[in-house]
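Undergrad: pasting a predicted model and its sequence here:
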Amino acid sequence: MFPSDAQLDVLAIRRGGLHEFVKRAWDVVCPGVPYVDNWHIGLICRKLEAVSAGRIKRLLINIPPACTKSLLVSVLWQVWEWIDRPATSFLDASYDDGLIHGFGEKVAKLLKSEWFVTRWGHRLHPTRPVATGEMYNNDGGLRFGTTIRGALTGHHGDIGVIDDPHNALDAESLTIANLVATAGWHARSWKTRRKNPRTYREVVMMQRLHESDLSGVLLATWEPGSFEHLCLPMRFDPDHPYRHPEDPRTVKGALLCPDRWPEEIVAELERDPMLAAGQLQQLPSKPGGSIFRLGDWGIMFWAPKGHPLVGTYHTLELSAQTRISGIVLELPDEGVYRQSWDLTFKKTEGSDLVAGTTWNEHAGLHYLVDLVNKRQDYVDSRNSIRNAAATWPRVRDIFIEDKANGPAVESDLRDEIPLLEMVEPLGGKVVRAIAASPAFAYKLVVVPHPEIHDWVKPYLKQLVGFPRVTHDDMVDSTTQYLAKVRSGLDLFMRAMNHVGHS
């Protein structure tokens, strides 16, 4: 007697593992949607099997959107896990409650399907509605879903799965306050819901959206060697900082899944530099810069008069992908000195930093000669402005942004330092950066050679990374200055006009 289709499926899945299960269960979960197989699906399946077996305790997956990651990790893997280990308890979290319920409904659909029941029996508890986000099978297994920063009280899991902790379409979810809150929820709530701390496993999968998104936090806090980082950019880059050794691509620019995402579609998406950098290439900031494209434009450096660096050509490596090059000029003795301050309210962990820049304008160029960038309270900020004014007695104007501690500081110091001028910020941060960017494109801004000041590299990294950076205070101080000086104002107004009509 020939084996039945059900018997053949069971035998093939027993031999082929999760990847084979995905192929054969796909039509049940996604009827009418053709399954597009690819090497990355097999690779992810192998990593998930290692999580199931306990060989990987922490798995971080960074992959572009619409590459089958959610169906694979939040639906098919969890059902496959229950076939041989039905007592496994899953905790699932995502930024959206609708996603959590949608994944749960697909799990229930698969478990209740004739295809699954014929092969492995009925495993969904009949008395628990799926819509609650809480599901049990007949052998003690649990699948509990919640939103990011949602309630977890009373539930513990063997495996925690976080699928897209941030909403890529909601800029508000990517504010520093929300990013910090998400990281805090993960550290103080999510991590405490382990059924057995010794055997607990965790999978986090997402596209990169910000330097301080959950991936960025985990990469900075998880101990090296304690986790597997599976980073699969849309285009292969041999110099990618998180290149995975099992990525089989060897040609720079090779696509992740050309049958699903062909060249013409990817090229269209790449017209948005922020989308291309974070969501496609898994780098929260575009290499070379998104708004301040210093990797493409280069920059001018300065050194003191008579310094041996004057007249040389310098290349500064900000990262494996970004190098900034330019000639080293001599810092002029003459010029007009001005300062620009971006203040904050509090001096607390996670708060913004105070940034104060000192500039010398000479012959149409703007030399950045000094920088203060610290976490400061009101008293610290007031003292920094007082000290900077004393350090640079030739300063003619001191611009202070008219928000946060700015008005209070100006009120305290106006009699002592009559040079203070309050500045009302025009437009949002991004618009102001776009407006100031021509000053960098035309090499009107000159920064110290890195041997002169050690703050040059962090300053340039913030410019290149903006707006997907944890702090943007130095950018704000810079754009405020460029908007106030005459040549900068002309550029600002032209760019504002362009932005308003584009």
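TA: Alright, I've got the coordinates. Quantities reported herein were computed from a predicted structural model and do not represent experimental measurements.
Undergrad: quick one, what contacts the residue nearest to L76 when sequence neighbours are not counted?
TA: Spatially, and ignoring its direct neighbours in sequence, L76 is nearest to V22 (5.1 Å; Cβ to Cβ, 6 or more residues apart in numbering). C-beta: built from backbone N, CA, C; applies to glycine. By Cβ atoms under 8 Å, 6 or more residues apart in numbering, the contact list for V22 reads Y35, I41, C45, L72, L76, W80.
Undergrad: can you check the pLDDT for H501?
TA: If you check H501, the pLDDT there is 38.
Undergrad: kindly report the same for K484.
TA: On the pLDDT scale, K484 gets 89.
Undergrad: quick one: the strands in the stretch 51-200 of the chain, in order.
TA: Assigned by DSSP state E, counting those that start in this stretch, the stretch 51-200 of the chain shows strands spanning 58-62, 89-94, 134-136, 142-147, 159-163.
Undergrad: of the contacts of V22 - the most surrounded one?
TA: The most crowded member of those, judged by other Cβ atoms under 10 Å, is L76 (26 neighbours).
Undergrad: ok, it touching V29?
TA: Yes: using Cβ atoms under 8 Å, L76 makes contact with V29 at a distance of 6.8 Å.
Undergrad: any residues in contact with both of these two?
TA: Both L76 and V29 are contacted by L110, under the criterion Cβ under 8 Å, 6+ apart.
Undergrad: would CSV of the strands of the stretch 51-200 of the chain with distance to E401, mean pLDDT and mean neighbour count be doable?
TA: Converted to CSV, the strands of the stretch 51-200 of the chain look like this (distance: least, Cβ to Cβ, whole Å; pLDDT from 0 to 100; neighbours: other Cβ atoms under 10 Å):
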stretch, distance to E401, mean pLDDT, mean neighbour count
strand 58-62, 35, 97, 22
strand 89-94, 37, 95, 24
strand 134-136, 49, 87, 19
strand 142-147, 35, 92, 22
strand 159-163, 37, 96, 24
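Undergrad: which among the ones you listed is found nearest to L294?
TA: strand 58-62 (24.9 Å; Cβ to Cβ).
Undergrad: not counting its own residues, what contacts that closest one?
TA: Counting by Cβ under 8 Å, 6+ apart, 44, 47-48, 50-51, 69, 73, 201-208, 215, 218-219, 222, 226-232, 242, 282 sit against strand 58-62.
Undergrad: tally of neighbours for D239?
TA: Neighbours of D239 under the rule other Cβ under 10 Å: 10.
Undergrad: again with the one 10 residues further on
TA: The number of residues packed near R249 is 18, by other Cβ under 10 Å.
Undergrad: let me see the backbone angles for the closest residue in space to it that isn't next to it in sequence.
TA: Once flanking residues are discounted, R249 sits nearest to F236: 3.8 Å by Cβ to Cβ, 6+ apart. Note on F236: its backbone torsions stand at phi -70, psi 130 [degrees, to the nearest 10].
Undergrad: hang on, the earlier thing: for the contacts of V22, which one is nearest D476?
TA: Ranked by distance to D476 (Cβ to Cβ), these are led by L72 at 41.3 Å.
Undergrad: is it true that that closest one touches G42?
TA: No: when contacts are counted by Cβ under 8 Å, L72 is not listed as touching G42 (10.6 Å).
Undergrad: run through the residues that contact T391.
TA: D370.
Undergrad: switch to numbering from 46
TA: Happy to do that; since the first residue is 46 now, the last one works out to T436.
Undergrad: can you check the pLDDT for it?
TA: As predicted, T436 sits at a pLDDT of 96.
Undergrad: need phi/psi at it.
TA: Dihedral angles of T436 (phi, psi; degrees, to the nearest 10) stand at phi -70, psi -30.
Undergrad: near R459, how many other residues are there?
TA: R459, neighbours per other Cβ under 10 Å, totals 12.
Undergrad: in contact with it, which residues are there?
TA: Going by Cβ under 8 Å, 6+ apart, R459 touches L465.
Undergrad: related to what we said a few turns ago, between the contacts of V67, which is nearest D208?
TA: Closest to D208, out of all of the contacts of V67 and judged by Cβ to Cβ, is L117, at 10.1 Å.
Undergrad: what's the single longest helix in the protein?
TA: Scanning the chain for the helix with the most residues, using DSSP state H, yields helix 50-74.
Undergrad: return the set of buried residues in it.
TA: Of the residues in helix 50-74, 54-55, 58, 62-71, 73-74 count as buried by neighbour count, 16 or more other Cβ atoms under 10 Å.
Undergrad: chain center to that helix, what's the gap?
TA: The chain centre lies 36 Å from the centre of helix 50-74; the measure is Cα atoms, centre = their mean, to the nearest Å.
Undergrad: and what of stretch 374-388?
TA: What separates the centre of stretch 374-388 from the centre of its chain is 33 Å, taken as Cα atoms, centre = their mean.
Undergrad: helices - which of the contacts of V67 land there?
TA: I86, C90, W125.
Undergrad: surely the second one and H64 touch.
TA: Yes: C90 sits in contact with H64 when judged by Cβ under 8 Å, with a separation of 4.1 Å.
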